[in-house]
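1. This is the structure alone, sequence omitted:
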C-alpha cells in the first residue's frame, strides 16, 4: 500500500528521488504515466498491467475509449530507479504535470501520484472542505 505525503525535489536533470519507504516495493521497476488532474501516476508493473488489461478490453469503437487509451499508453514510461532511488521524468511528463523543482508525492493506495507543489495546494484548497463535509455515501458500502 502506498500512503502518506512526501516532498522530494526535482533535480536539474529531471530526476525525482522516490520516498525511501516506497523504494523497496518499486526497486525492480515501475510505470509512470499521465494521471487525471495533471499529476503523474506511478504504478508497480503488476498493478499497471492489471489496469492496462481492463483499459485495453474496452470497446475501441468508442471514440472516448480510443482517446483515453491513446493518452494513457502513449504517455507511459517504464522506469527502474537508480541506486539512489531516483527516477528520470521525461520533459513531456514534467510538462504535462507542470512540475517544477518543488514536488509532492502522495500515496494513493495502489499508486503514487506526483504533483507540482503549487498545483497540489490548489487542488487541496478546492477539494479539502468538500471532503471534510461529506455527509452522504460516496463509495457504496465503504463510506
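-> Perfect, thanks for sending it. Just so you know, these numbers come straight off a predicted model, no measurement behind them.
2. Correct me if wrong: residue 92 contacts residue 71.
-> No. Using CB atoms under 8 Å, residue 92 makes no contact with residue 71, being 11.7 Å away. Where you see a C-beta, it was placed from the backbone N, CA and C, and this is true even at glycine.
3. Which residue, other than its chain neighbours, is closest to residue 102?
-> Spatially, and ignoring its direct neighbours in sequence, residue 102 is nearest to residue 117 (3.9 Å; CB to CB, 6 or more residues apart in numbering).
4. Next, work out how far apart the one you found and residue 24 are.
-> From residue 117 across to residue 24, the span is 26 Å (CB to CB, to the nearest Å).
5. How about residue 58?
-> 33 Å.
6. Residue 99 now?
-> Applying CB to CB to residue 99 and residue 24 gives a distance of 24 Å.
7. ok, the two, which is more surrounded?
-> Using other CB atoms under 10 Å, the more surrounded residue of residue 99 and residue 24 is residue 99, with 22 against 9.
8. Phi first, then psi, for that one.
-> phi -70, psi 130 (degrees, to the nearest 10).
9. likewise residue 32?
-> phi -110, psi 130.
10. List the contacts of it.
-> 40-42, 76-77, 79, 87, 89, 93, 114 (CB atoms under 8 Å, 6 or more residues apart in numbering).
11. swap the cut-off to 7 Å and go again
-> Applying CB atoms under 7 Å, 6 or more residues apart in numbering to residue 32 gives the contacts 40, 42, 77, 79, 87, 89, 93.
12. Could you give the bridge partners of it?
-> residue 42, residue 77 (DSSP bridges).
13. ok, now how distant is it from residue 84?
-> Here residue 32 is placed at a distance of 17 Å from residue 84 (CB to CB).
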